[in-house]
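K.L.:
Mind looking at a prediction? Sequence and model below.
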Amino acid sequence: MAPEIAGRPLTNSEGERTLFDHADERSLRVPTSCRRSGRCRECVVEVSAGAQHLCLPTEAERFLRPPFRLACQAVVTNADAEVDFTIVRRRLRIVVPDAEQRVDPIDPQVTVRAGTVCWGSEPIEPRHGGVYGLAIDIGTTTVVFELIDLLAGEIVEVVAIENPQRFGGSDVMNRISYDAGEPGELRQALRRAINGELRELYARTGISRREVYEVVVVGNSTMRDIFFDLEVASIGERPYKSSTELELLDGRRDSSELLKLGWELGLKVHPRARVWGAPLIAGHVGADVAADLVATGVGTRDRVEMLVDVGTNTEVVISANGRILAASCPAGPAFEGWDVTCGMQASEGAIEAVKITPGGTFELTTIGNAPPQGLCGSGMIDLIAQLRRTDRMSAKGVFADGSYSLEVAPDEGVVFTRADASALAQAKAANTVGQWILLRALGLDPSEVDSLFLAGGFATHVDVANAVAIGFVAPVPPDHVVKVGNASLRGARELLLSASSRRALAQLVRRIEHVELETTPDFFELFVDGCQFKPLPLRIGARDGRLAV
């Protein structure tokens, strides 16, 4: 007799069809490693319509809340019903490797001495093949990693997937709350996803997991600490600091860096591989921003330089006149597809560029030239800027014709609504306020910024003029804007290949001043003004806190 979960057999002798069966029919790749038994918990899907036609959640699904289900457990009870769902762990557009940004010369922590692979001065084992490492950037929405040849300093392959922890909430505060109620589930979901991708990567390349001797991990404070199996409750309440930062401040440790062995984290690498977590800066400004600084060099030159890393939490860093200021902006995930009717991440079919023709029709560019499925971040910025430029939408996000929604791709059902504009306005306002407050704190106007490094998953594809037009980024001179894409991944790569870069970073993070935006007296007034789709002022000399041009 087949084993049961919540009274239902795992093998279906009655011909019942699950969402996994429906995914098979649509040729959708659903992750699984337990032959659809409900044990691996990898086949999480998000049900967007038709949930009433599914069986009640089983015991195997107790860690999930609506609208999430396990595809192998969710039986469609009405054969004629339509159930719409998306796979949580999707492959995303691969980040193009920065091959020209080589670390030269390389001085990795892992070396080969007299035929023995060593980590620093400590021997691991006699060399039996290649010597590789992993650079992993864990974002709230996206996980990207590179497999690196540590001896040659070359990228072997890059993988980008949607963060499978989405069932725990769209932002870090929700993830912290979920982790308190279901401890370990988020870490396990992330570990399973990364290990699943590593299994496929090793199969493609012929590389053994035992040839991977070091892993460098970066991410915001919450994502990094969840990966390392640390409690994250302290990050979600005042003073909003990681347990490692609190211990550092109390003198119980000399760095917020983390170090564990591969077997301790259950990672598919050499059991004695070192897994190193880069140091945090402060609060929610985490190891990903520290890696950004490594990649861009911000804070190491006698120039006025600004870094804006756009994500679920946007971080802003400004270096000027011997000071470095950093702040985290709670932007939320709207520009990454959440809370937007037809929002999506940068995967095939996402609208990534929008123009309005003289005839008033939309000219759309999609990833992979596939039929439009929704709008990703760069497409949303373009759409808003074009609607503002043609006076089809006010600065407050109200459509000129008074309608509630606008058809962007009518044949495919892609629309943009007034509620979407409101969600994006609030996300944009967080970015606006962070840049404004730090510039003001240093007595700077945007025109004085020598370089603005624009980082983040979709930064490479953002039209800077459109981003400036709606106030998404400060109006620095256009030729001073440098798109650096996924700088945190590049920084993680440099930290993997250079022990001296790790030492330099340890010194740099000690110099950074953390600014808590919410404690700024006029924060609320600035935020309200920032919710309008208009440029930041060219001058920030006025002290009345207004963003009006």
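P.N.:
That came through, no problem.
K.L.:
what's the burial count for T300?
P.N.:
14 (other C-beta atoms under 10 Å). For glycine as for every other residue, the C-beta is placed from the backbone atoms N, C-alpha and C.
K.L.:
Pull out the buried positions in stretch 46-60.
P.N.:
Neighbour-count burial for stretch 46-60 flags 46-47, 53-54, 57-58, 60 (criterion: 16 or more other C-beta atoms under 10 Å).
K.L.:
farthest pair in these?
P.N.:
Greatest spacing in those, by C-beta to C-beta: H53 and A60 (19.5 Å).
K.L.:
What number of residues are in the vicinity of the residue lying closest to D171 once chain neighbours are set aside?
P.N.:
Nearest residue to D171, sequence neighbours excluded (C-beta to C-beta, 6 or more residues apart in numbering): T312, at 5.3 Å. Using other C-beta under 10 Å, T312 is surrounded by 24 other residues.
K.L.:
Am I right that T312 is in contact with T140?
P.N.:
Yes: using C-beta atoms under 8 Å, T312 makes contact with T140 at a distance of 4.0 Å.
K.L.:
Need the residues touching each of these two.
P.N.:
When contacts are counted by C-beta atoms under 8 Å, 6 or more residues apart in numbering, the set common to T312 and T140 consists of 170-172, 333.
K.L.:
where's the dip in pLDDT among the residues you listed?
P.N.:
Lowest pLDDT among the shared contacts of T312 and T140: P333, with 76.
K.L.:
Verify the stated contact: it with D339.
P.N.:
Yes: counting by C-beta under 8 Å, P333 sits close enough to D339 to count as a contact (7.0 Å).
K.L.:
between the two, who's got more neighbours?
P.N.:
P333 (24 against 18).
K.L.:
Show the contacting residues for the more buried one.
P.N.:
Residues in contact with P333 (C-beta under 8 Å, 6+ apart) are 140-141, 170-171, 312, 339, 427.
K.L.:
Then E122?
P.N.:
E122 touches nothing, counting by C-beta under 8 Å, 6+ apart.
K.L.:
do you know how far it is from P279?
P.N.:
Relative to P279, E122 is positioned 21 Å away (criterion: C-beta to C-beta, to the nearest Å).
K.L.:
Give me the contact list for the strand or helix carrying D309.
P.N.:
Assigned by DSSP states H and E, D309 belongs to strand 305-310. Here strand 305-310 makes contact (C-beta under 8 Å, 6+ apart) with 288-289, 292-293, 296, 298-299, 314-320, 331, 335, 377, 431, 435, 439, 449-459, 473-474, 476, 487-488.
K.L.:
Give the buried subset of these as a ChimeraX selection command.
P.N.:
The buried residues among the contacts of strand 305-310 can be selected in ChimeraX (16+ other C-beta under 10 Å) with this line:
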select :288,289,292,293,296,298,299,314,315,316,317,318,319,320,331,335,377,431,435,439,449,451,452,453,454,455,456,457,458,459,473,474,476,487,488
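K.L.:
Of the contacts of strand 305-310, which belong to helices?
P.N.:
Of the contacts of strand 305-310, the ones assigned to helices by DSSP state H are 288-289, 292-293, 296, 377, 431, 435, 439, 487-488.
K.L.:
Quick check: neighbours shared by P333 and D339?
P.N.:
Shared contacts of P333 and D339 (C-beta under 8 Å, 6+ apart): S170.
K.L.:
Which stretches in the stretch 351-500 of the chain count as strands?
P.N.:
Taking DSSP state E, counting those that start in this stretch as the test, the strands found in the stretch 351-500 of the chain are 362-366, 374-375, 405-409, 414-417, 451-456, 481-485.
K.L.:
And these: which comes nearest C531?
P.N.:
strand 414-417 (16.3 Å).
K.L.:
Who are the packing partners of that closest one?
P.N.:
Packing partners of strand 414-417 (3 or more C-beta pairs under 8 Å, 6 or more residues apart in numbering; DSSP states H and E): strand 374-375, strand 405-409.
K.L.:
go again using 10 Å as the cut-off
P.N.:
Packing partners of strand 414-417 (3 or more C-beta pairs under 10 Å, 6 or more residues apart in numbering; DSSP states H and E): strand 362-366, strand 374-375, helix 377-389, strand 405-409.
K.L.:
middle-most residue in the chain, spatially?
P.N.:
The centroid of the chain falls nearest to G139 when counting by C-alpha atoms, centre = their mean (3.0 Å).
K.L.:
Surely that residue is in contact with G219?
P.N.:
Yes: between G139 and G219 a contact is recorded at 6.6 Å, counting by C-beta atoms under 10 Å.
K.L.:
what residues do those two have in common as contacts?
P.N.:
Shared contacts of G139 and G219 (C-beta atoms under 10 Å, 6 or more residues apart in numbering): 163, 288, 488.
K.L.:
Which of the residues you listed scores worst on pLDDT?
P.N.:
Lowest confidence among the shared contacts of G139 and G219: N163, with 90.
K.L.:
isn't it right next to I138, touching?
P.N.:
Yes: N163 is within contact range of I138, at 7.2 Å (criterion: C-beta under 10 Å).
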